[in-house]
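Student: got a predicted structure here, sequence first:
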Amino acid sequence: MEKKCVAMLSGGLDSSLAARLMLKQGIEVHGLYLSLSWGCCDKDKAASAARQLGIPLMVLGVGDAYLDVIRTPKYGYGTGMNPCVDCRIYMFRIARRYMEELGAGFVVTGEVVGQRPMSQMRRPLELIEAESGLEGLLVRPLSAQLLDPTLPELLGVVDRQQLLRVAGRSRQEQLALARAEALTEYSTPAGGCLLTDPHFAKKTRDLFEHEERPTTKDMELLTLGRHYRLGPRAKLILGRNELENLMLEGHAEPGYRCLRPTFPGPTALLVGPCPEELEPVAVRLIVQHTKPEKLPPEGSLEFWRDGQPWSATRPPVAEAAVAAL
């Protein structure tokens, strides 16, 4: 077996430590970052970590096929719309193909036994390994001494005695090791996967209920603005700040109409096959989310509609708002 591995880097501390433990054993390490445009991992931090470790980093997008994992997970959801076990299997299958392409011998991850309730208990760890086609070839250096020896350990490619027995949610051992190894390029642990967040999960569930084939762009848009379901195929997204207004404008293309007010108000992105039917609702919501003193004093309202000047009749003040998702 080659003394070469693929180390999955998320930008977090655990994956960097796992890669470091392999480097200390003289193993050639190639980093792999799997990119979700709407996900929780940090690509910039993963790149910084790879530079600090002195290893190459391959960045691969998971693509729209990953959304089928979210729609129909074989092993179910966690607290929200998070298919943790199925997600790991999908990601590790990509890692296995990259390992084979490189001619590497095994895959390394920063997983810790007991750190996450759905995917990092002993039974799910074994299941994920088998279903991804990496049985015996998935090394988890931080918890290795709590798990059965892998093939690289049995063959002497990896020295099991130099691996660790970290378990649980506390990161004190990892932080101490990071200080000892002078590792500084990692992101601070935060809320984890967005799909576990109740508000994001609700918007995701709504998307899958109304779109037969959602795209990664649809998922990325879930991270922006306030969302309003206006019909089976019709939705409106309202920016919450200037950055989101600019980002929504950047998504304007066929099937996505953008209304940007000339006065200081939120931008609206209209999603659906007949955007002109949504325009009166969009104007009303823009007005309702604009401070009264920022509205023009009288007359029609002026907008940029997909980059072209456009005027709209001022809506009645008393009209009720559409509820956000």
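Tutor: Cool, got the structure.
Student: for the rest of this, base every contact and every neighbour count on C-alpha atoms.
Tutor: Noted.
Student: okay, now Gly133: neighbour count?
Tutor: Neighbour count for Gly133, taken as other Cα atoms under 10 Å: 15.
Student: mind listing what the closest residue to it other than its chain neighbours touches?
Tutor: Leaving aside its sequence neighbours, Gly133 sits nearest to Arg93 (Cα to Cα, 6 or more residues apart in numbering; 6.9 Å). With contacts defined as Cα atoms under 8 Å, 6 or more residues apart in numbering, Arg93 is in contact with Ser132, Gly133, Leu134.
Student: hey, what's the residue lying closest to Arg305 once chain neighbours are set aside bridged with?
Tutor: On the basis of Cα to Cα, 6+ apart, the spatially nearest residue to Arg305 that is not a chain neighbour turns out to be Leu259, at 4.7 Å. Leu259 has the following beta-bridge partners by DSSP bridges: Ala268, Arg305.
Student: what residue ranges in the stretch 51-200 of the chain score low on pLDDT?
Tutor: 117-118, 189-192 (pLDDT under 70).
Student: so where does Leu125 fall, helix or strand?
Tutor: helix 122-131 (DSSP states H and E).
Student: for that helix, packing partners?
Tutor: The contact analysis (3 or more Cα pairs under 8 Å, 6 or more residues apart in numbering; DSSP states H and E) places helix 122-131 against helix 84-102.
Student: quick one on the thing from earlier: and for the helix holding Leu125, what's in contact with it?
Tutor: Residues from elsewhere that reach helix 122-131 (Cα under 8 Å, 6+ apart): Val85, Asp86, Arg88, Ile89, Val113, Gly114, Met118, Ser119, Glu135, Gly136, Leu138, Leu147.
Student: same check, this time on stretch 258-276
Tutor: Defining contact as Cα under 8 Å, 6+ apart, one finds that stretch 258-276 is touched by 233-242, 245, 248-249, 252, 255-257, 278-279, 282, 286-287, 289-291, 294-296, 301-306.
Student: which among these count as buried?
Tutor: Among the contacts of stretch 258-276, those scoring as buried are 234-240, 245, 248-249, 252, 256-257, 278-279, 282, 286-287, 301-303, 305-306 (criterion: 16 or more other Cα atoms under 10 Å).
Student: that's a strand at Tyr228, yeah?
Tutor: Yes - Tyr228: assigned to a strand according to DSSP: H, G, I helix; E, B strand; the rest coil.
Student: can you give me the end-to-end distance of stretch 215-230?
Tutor: End-to-end distance of stretch 215-230 (Cα to Cα, to the nearest Å): 19 Å.
Student: got the buried residues for it?
Tutor: Going by neighbour count (16+ other Cα under 10 Å), the buried part of stretch 215-230 is Thr216, Met219, Leu221, Leu222, Thr223, Leu224, Gly225, Arg226, His227, Tyr228, Arg229, Leu230.
Student: against Ile70, how distant is the third one?
Tutor: If I follow you right, that is Leu221. 16 Å.
Student: try the fifth one
Tutor: In this structure, Thr223 and Ile70 are 16 Å apart, going by Cα to Cα.
Student: tell me the bridge partners for Ser229.
Tutor: Just so we're on the same page, residue 229 is Arg rather than Ser. On the basis of DSSP bridges, Arg229 takes part in beta bridges with Lys235.
Student: so what touches stretch 135-145?
Tutor: Contacting residues not belonging to stretch 135-145 are listed as 14, 17-18, 21, 105-113, 129, 149-152, 160-161, 163-167 [Cα under 8 Å, 6+ apart].
Student: just the buried ones from those?
Tutor: The neighbour-count test (16+ other Cα under 10 Å) marks 14, 17-18, 21, 105-113, 129, 150-152, 160, 163-164, 166-167 as buried among those.
Student: tell me which of those residues fall in helices.
Tutor: Restricting these to those inside helices, with DSSP state H as the criterion, leaves Asp14, Leu17, Ala18, Leu21, Glu129, Leu151, Pro152.
Student: ok, the second one - contacts?
Tutor: Leu17 makes contacts with Gly110, Leu142, Gln174, Leu177, Ala178, as judged by Cα under 8 Å, 6+ apart.
Student: nearest to Ala49, of these?
Tutor: When the contacts of Leu17 are ranked by distance to Ala49 (Cα to Cα), Ala178 comes first, at 11.9 Å.
Student: which SSE is the closest one in?
Tutor: Taking DSSP H and E as the criterion, the element that holds Ala178 is helix 172-181.
Student: how far off centre is that helix?
Tutor: 26 Å (Cα atoms, centre = their mean, to the nearest Å).
Student: repeat that for stretch 290-300.
Tutor: Averaging C-alpha positions (Cα atoms, centre = their mean) puts stretch 290-300 38 Å from its chain's average.
Student: now that stretch: average pLDDT?
Tutor: Looking at stretch 290-300 alone, the average pLDDT works out to 90.
Student: quick one: contacts of that stretch?
Tutor: Phe263, Pro264, Gly265, Pro266, Val287, Ser311, Ala312, Thr313, Arg314.
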